[in-house]
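Asker: Here is the input, now give the coordinates:
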Amino acid sequence: MSLKTQISDDMKAAMRAKEAGKLATIRLILAEIKRKEVDERIELDDTQTVAIVEKMIKQRKDSITQFEAGGRADLADIEKAELAVLTGYMPAGLSDEEVAAEVAAAVAATGASGPQDMGKVMGVLKPKLAGRADMTAVSAQVKKALAGA
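Answerer: Next comes the predicted model:
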């Protein structure tokens, strides 16, 4: 079953269970998927769907930070509830050790010798790790690996 189909099925289940918060978040996901499909005239696959969900997760995290800084705990709680629903659609994450192994392999494969080769290494890692690891943390590990190279 594709991720998009799973999201649609979850929407129907949320309707039946009268889970308003979850239903609203799922509708946001489906609207964003539909917008992307219409804009680009394509049918999204699971990788592209995960990228959309990942972007929405990043937006929610940023919003939570801003709301908490502004003293709006009520709005932060709504964003946290949406974040919980969105996180459920992400593939299983990689451990720090697995990410470190992927970074080491990518550095070796590209022949990177210093910080100037960061773009090459990230270009190899992004398609492999997108949706499975926090790319900010991956970037930090690449910097550390290349600084020691």
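
Asker: Leu94 is in what secondary structure piece?
Answerer: In this structure, Leu94 sits in neither a helix nor a strand according to DSSP states H and E.

Asker: can you count the residues close to it?
Answerer: 17 (other CB atoms under 10 Å). The C-beta positions use only the backbone N, C-alpha and C, and glycine is treated the same way.

Asker: What residues does it make contact with?
Answerer: Counting by CB atoms under 8 Å, 6 or more residues apart in numbering, Leu94 touches Glu102, Leu129, Arg132, Ala133.

Asker: wait, the first one sits on Lys128?
Answerer: Right, the one you point to is Glu102. Yes. Between Glu102 and Lys128 there is a contact under CB atoms under 8 Å: 6.3 Å.

Asker: Quick check: which ranges of this structure have low pLDDT?
Answerer: Along the chain, segments meeting pLDDT under 70 span 149.

Asker: Going along the chain, name the helices of it.
Answerer: Applying DSSP state H to the chain gives helices spanning 3-17, 20-40, 46-69, 73-87, 96-110, 118-129, 135-148.

Asker: Any chance of these in TSV with mean neighbour count as columns?
Answerer: Output for the helices of the chain, formatted as TSV (neighbours: other CB atoms under 10 Å):
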stretch	mean neighbour count
helix 3-17	15
helix 20-40	15
helix 46-69	16
helix 73-87	16
helix 96-110	16
helix 118-129	16
helix 135-148	15
